[in-house]
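Enquirer: Generate coordinates for the sequence data below:
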Amino acid sequence: MTGLRGCLEHFFNPLHVFCRLRQFGLTTRAARRVSLAYERSLFRMFAR
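Expert: Residues are numbered from 1 along each chain as shown. Predicted structure coming up:
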């Protein structure tokens, strides 16, 4: 992955967000809910 765009796409990917939330100590269920809400609200709007 090269360039700024590639790095940002990886960093803001909903799966990446889920993994980081799990690392911060959220339960699987809570992290899944947050990352799903993030994907539905923000990620899809900017990923177009």
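Enquirer: avg pLDDT for the helix or strand hosting Ser35?
Expert: For Ser35, the host element (DSSP states H and E) is helix 28-38. The average pLDDT for helix 28-38 rounds to 96.
Enquirer: Any buried residues in that helix, and which?
Expert: 31, 35, 38 (16 or more other CB atoms under 10 Å). Bear in mind the C-beta positions are built from the backbone N, C-alpha and C, glycine included.
Enquirer: Pro30 and Arg22, how far apart?
Expert: Pro isn't right for residue 30; it's Ala. To Arg22, Ala30 is 9 Å away according to CB to CB, to the nearest Å.
Enquirer: Same check on Tyr38?
Expert: 14 Å.
Enquirer: pLDDT score assigned to Gly3?
Expert: For Gly3, the predicted pLDDT is 89.
Enquirer: What segments of this protein are helices?
Expert: In the chain, the segments counted as helices under DSSP state H are 3-11, 14-23, 28-38, 44-46.
Enquirer: From the contact counts, what lies against the longest one?
Expert: What that stands for is helix 28-38. helix 14-23 (3 or more CB pairs under 8 Å, 6 or more residues apart in numbering; DSSP states H and E).
Enquirer: The helix it packs on to helix 3-11, inter-axis angle?
Expert: Orientation of helix 14-23 against helix 3-11 (axes from the mean of the first three to the mean of the last three CA atoms, to 10 degrees) gives an angle of 60 degrees.
Enquirer: CA atoms of helix 14-23 as PDB?
Expert: What follows is helix 14-23, C-alpha atoms only, in PDB (Å, rounded to 0.1, in the frame of the first residue of the first chain):
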ATOM      1  CA  PRO A  14     -14.300  -0.500   9.300                       C
ATOM      2  CA  LEU A  15     -12.400  -3.800   9.900                       C
ATOM      3  CA  HIS A  16      -9.400  -1.900  11.000                       C
ATOM      4  CA  VAL A  17     -11.500   0.300  13.300                       C
ATOM      5  CA  PHE A  18     -13.000  -2.900  14.800                       C
ATOM      6  CA  CYS A  19      -9.600  -4.400  15.400                       C
ATOM      7  CA  ARG A  20      -8.400  -1.300  17.100                       C
ATOM      8  CA  LEU A  21     -11.500  -1.100  19.300                       C
ATOM      9  CA  ARG A  22     -10.900  -4.700  20.400                       C
ATOM     10  CA  GLN A  23      -7.300  -3.800  21.200                       C
END
